[in-house]
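Novice: Predicted coordinates and the sequence they were generated for:
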Amino acid sequence: MAMTIHQMKIFWAVSQAQSYTKASKMLGLAQPSLSQQISKLEDELGSKLFERNAGKIKLTDAGQFLYSKTETILANIEETEEGLKEFSKNTRGVIKIGMLSSVARNILPPSVKIFSKIFPNIEINVLEVAPAEAIDLLYARQLNLAVVAADSIAASNLSFFTTEVLSDPYVLATPKSLNLDTIKNTSELKNKENILKSTILFEFGTQHKKRIQDWFEKNIGEVKVLANTRSYEVALSMVEAGLGVVVLPALTAVVGAGRVYDVNLYETRIMQRRLVSLTPNQFANIEPTKTFIHSLSEAGKKLILPDITKIPPPVCSATFVALCKFFSKLSTSLCL
């Protein structure tokens, strides 16, 4: 019996996810149905495709062979289907995009403005998701493309077609009441120290979280974690309220159309965040996805970041020794 496209998609999803539960979510199918389909396929092919051990599944040699062939076949089918759509002069359809809301509100309006001049009949569907979820949805072909931070994804996921969108620096956001560049003596610093040492951290992105924790440790010392959140918006609102400080990408402080949260932003010298678009390879050179990728890059080049203040090195004298030590890493050169 010939293997159907439906069976190929189920087998591919289970292979990719290495989990029936995850694959069922990717495909929108019930888990028992997936298990039955895989068992039926194994019976029909006369080969065991998966090894099952303690709730984990792993491809057998036969499964590895079939996976490599299935991936190529499905990619060719999708490329053919998408390519046929180009023959319609009045192209209509939907582009599905996944990204964080803090990215979407800044990069999407100018991107859509560029794109819609070329494809006015294409609908843009935006799903506000974290990078890990966006990757899963790309694999499940439920997104045409995603915009994520390059360092927030595993190297294996960079097999997607990748395009640079923009880079933005990490900044220290402080309440308006905490102006680091105007502090003139240790008593002023002492009055503000509780706010400066109350930090807000993020629960997503292991590398992202570690980079920020390392920065606080090196530059400010022992701090009190005021809150953990998955939302840049929540963190900035807490800073606005004068509750503490946070380190985050500069673009997240922009509400949209040039409006910025009412906070101070200071340079940190942490490596910049690189935002990239990821697209399944078979979609990258097919319209209208190809044009939307280009629109994202063009919009990224023109985005204006908020004002970022350099913390000037304090004047080092006996009076300011404690202050110099406190900011020894925060400033570019201190106590020389």
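Specialist: Nice, I can see it. Numbering: from 1, shown residues only.

Novice: Tell me what the residue lying closest to Ala173 once chain neighbours are set aside is bridged to.
Specialist: Ranked by CB to CB, 6 or more residues apart in numbering and with sequence neighbours excluded, the top spatial neighbour of Ala173 is Val263, at 4.6 Å. For glycine as for every other residue, the C-beta is placed from the backbone atoms N, C-alpha and C. With DSSP bridges applied, Val263 shows beta-bridge pairing to Pro175.

Novice: so what's Val263 up against?
Specialist: If a contact means CB atoms under 8 Å, 6 or more residues apart in numbering, then Val263 has Ala173, Thr174, Pro175, Lys176, Leu236, Val239, Glu240, Ala253 as its contacts.

Novice: Kindly indicate which of the residues you listed lies nearest Ile122.
Specialist: Checking the contacts of Val263 against Ile122 by CB to CB gives Ala253 as the nearest, at 30.9 Å.

Novice: Hmm, the closest one is touching Pro306, no?
Specialist: Yes - shown here, Ala253 and Pro306 form a contact pair, counting by CB atoms under 8 Å, at 5.4 Å.

Novice: who has more neighbours, the two?
Specialist: Ala253 (27 against 19; other CB atoms under 10 Å).

Novice: Mind checking the pLDDT average for stretch 267-285?
Specialist: Mean per-residue pLDDT for stretch 267-285: 89.

Novice: distance between the ends of it?
Specialist: 38 Å (CA to CA, to the nearest Å).

Novice: Give the buried residues for it.
Specialist: 267-268, 270, 273, 275-280, 282-284 (16 or more other CB atoms under 10 Å).

Novice: just checking, which of those residues belong to helices?
Specialist: Gln282, Phe283, Ala284 (DSSP state H).

Novice: Overlap in contacts, Ala253 and Pro306.
Specialist: Common neighbours of Ala253 and Pro306 (CB under 8 Å, 6+ apart) are Val260, Leu265.

Novice: need the contact list for the spatially most central residue of the chain.
Specialist: For the chain, Val148 is the residue whose C-alpha lies nearest the centre (CA atoms, centre = their mean; 3.1 Å). Residues in contact with Val148 (CB under 8 Å, 6+ apart) are Met99, Pro131, Ala134, Ile135, Leu275, Val276, Leu278.

Novice: Can you read off the pLDDT for the closest residue to Ile122 other than its chain neighbours?
Specialist: Nearest residue to Ile122 in three dimensions, chain neighbours excluded: Pro288, at 5.2 Å (CB to CB, 6+ apart). Listed pLDDT for Pro288 reads 89.

Novice: Output the contacting helices and strands for the host helix or strand of Glu42.
Specialist: Using DSSP states H and E, Glu42 maps to helix 31-45. Helix 31-45 makes packing contacts with helix 5-17, helix 20-27 when contacts are defined by 3 or more CB pairs under 8 Å, 6 or more residues apart in numbering; DSSP states H and E.

Novice: got these as CSV, with distance to Lys58 columns?
Specialist: Below are those laid out as CSV (distance: least, CB to CB, whole Å):
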stretch, distance to Lys58
helix 5-17, 10
helix 20-27, 13
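
Novice: of the ones you listed, which approaches Glu79 most closely?
Specialist: Across the helices and strands packed on helix 31-45, Glu79 has its closest neighbour in helix 5-17 (13.9 Å, CB to CB).

Novice: thinking again about what came up before, nearest to Ser33, of the ones in helices among the buried residues of stretch 267-285?
Specialist: Once CB to CB is applied, the member of these that ends up nearest Ser33 is Gln282, at 26.5 Å.

Novice: Quickly find the element holding the closest residue to that closest one other than its chain neighbours.
Specialist: Of all residues not flanking Gln282 in the chain, Glu79 sits nearest, at 4.0 Å (CB to CB, 6+ apart). If you go by DSSP H and E, Glu79 is part of helix 61-85.

Novice: That helix packs against which elements?
Specialist: Under the contact criterion of 3+ CB pairs under 8 Å, 6+ apart, helix 61-85 touches helix 5-17, helix 281-284.

Novice: Could I get the average pLDDT for that helix?
Specialist: Mean predicted lDDT for helix 61-85 stands at 82.

Novice: now the angle from that helix to helix 31-45?
Specialist: Going by axes from the mean of the first three to the mean of the last three CA atoms, to 10 degrees, helix 61-85 is angled at 110 degrees with respect to helix 31-45.

Novice: relative to helix 5-17, how tilted is helix 61-85?
Specialist: Going by the same axes, to 10 degrees, helix 61-85 makes 120 degrees with helix 5-17.

Novice: Flag the shaky bits of the stretch 101-250 of the chain, pLDDT-wise.
Specialist: Residue ranges of the stretch 101-250 of the chain with pLDDT under 70: 154-158, 183-191, 204-206.

Novice: ranges for the helices of it?
Specialist: Assigned by DSSP state H, counting those that start in this stretch, the helices in the stretch 101-250 of the chain fall at 101-118, 131-139, 186-196, 206-219, 232-240.

Novice: now these in TSV, with distance to Ala299 and mean neighbour count?
Specialist: Listed next are the helices of the stretch 101-250 of the chain as TSV, based on distance: least, CB to CB, whole Å; neighbours: other CB atoms under 10 Å:
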stretch	distance to Ala299	mean neighbour count
helix 101-118	4	18
helix 131-139	19	20
helix 186-196	35	14
helix 206-219	23	15
helix 232-240	20	20
